[in-house]
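Enquirer: Sequence plus the predicted model coming up.
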Amino acid sequence: MVFRNYRDILRQMEMEMQRLSDEALLSVFGPLGAERFWQPPVDVCETEQALVVKSEIAGVAPDSINVSLSPDNRTLVISGARAEDEDERRARVRCYQLEIYYGPFERHVSLPPDVQIDRDNISATYRNGVLTVRLPKRVQEEMPATRRIPVVEGERESP
């Protein structure tokens, strides 16, 4: 991974610490009910035009994916569920390795605080098991240059 400057390194460390703390909390508080939450891996990158969040959620039906943005534009939440074929699960006699998570998932993605997001033009696509959420940057309106107001000599205004 190439870092442009120390802020990129700090941002990556912050995101990794958030992910680790989320995983630790889930493991401490354990399964909720009979189901266990899992967290899909996520990449967050910035382009000139947008923040791009990619999440690998292969095997999840598109209609079971939920994507939302917090009111303060700082947290993207990706949730849903990966369903396991019940007949296949019942037919198992013995398993030698199980690494694929099934059931509900939820991932809270912290977005960089210095990027302004255009909430009205966010898009999400799901292809080949990868969810891609594009969060366009809001166009910064340039501050107008200082405007000089001419002073003219004239008659006094009446109150």
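Expert: All right, it came through fine.

Enquirer: Ends of stretch 84-97, what's the gap?
Expert: 16 Å (C-alpha to C-alpha, to the nearest Å).

Enquirer: Give me the neighbour count for Asn5.
Expert: Asn5 sits with 8 neighbouring residues when counted by other C-beta atoms under 10 Å. Backbone N, C-alpha and C define where each C-beta goes, glycine included.

Enquirer: Same question for Glu88.
Expert: The burial count for Glu88: 8, using other C-beta under 10 Å.

Enquirer: Confirm it sits in a helix?
Expert: Yes. Assessed by DSSP: H, G, I helix; E, B strand; the rest coil, Glu88 belongs to a helix.

Enquirer: did I read that right, Asp63 in a strand?
Expert: No. Counting by three-state DSSP, Asp63 falls outside a strand, being helix.

Enquirer: okay, now it: neighbour count?
Expert: Asp63, neighbours per other C-beta under 10 Å, totals 8.

Enquirer: what do you get for Val44?
Expert: Val44: 19 neighbours (other C-beta under 10 Å).

Enquirer: From here on, call the first residue 31.
Expert: Understood, numbering begins at 31; the last thing we discussed is Val74.

Enquirer: Please name the residues that touch it.
Expert: Neighbour list for Val74: 45, 81-83, 139, 141-142 [criterion: C-beta atoms under 8 Å, 6 or more residues apart in numbering].

Enquirer: Could you identify the most distant pair in these?
Expert: Met45 and Val82 (14.3 Å; C-beta to C-beta).

Enquirer: what about the helices in this protein?
Expert: Along the chain, counting by DSSP state H, helices occupy 36-59, 116-121.

Enquirer: Just give me the lowest mean pLDDT stretch among those helices.
Expert: Out of those, helix 36-59 stands lowest, with a mean of 70 (criterion: mean pLDDT).

Enquirer: So which residues of the chain form strands?
Expert: Remark: strands assigned in the chain by DSSP state E are 72-76, 80-86, 96-99, 105-112, 133-140, 153-157, 160-166.

Enquirer: Out of the ones you listed, flag the one nearest Arg119.
Expert: strand 133-140 (11.6 Å).

Enquirer: Give me the helices and strands touching that closest one, please.
Expert: Helices and strands touching strand 133-140, by 3 or more C-beta pairs under 8 Å, 6 or more residues apart in numbering; DSSP states H and E, are helix 36-59, strand 72-76, strand 105-112.
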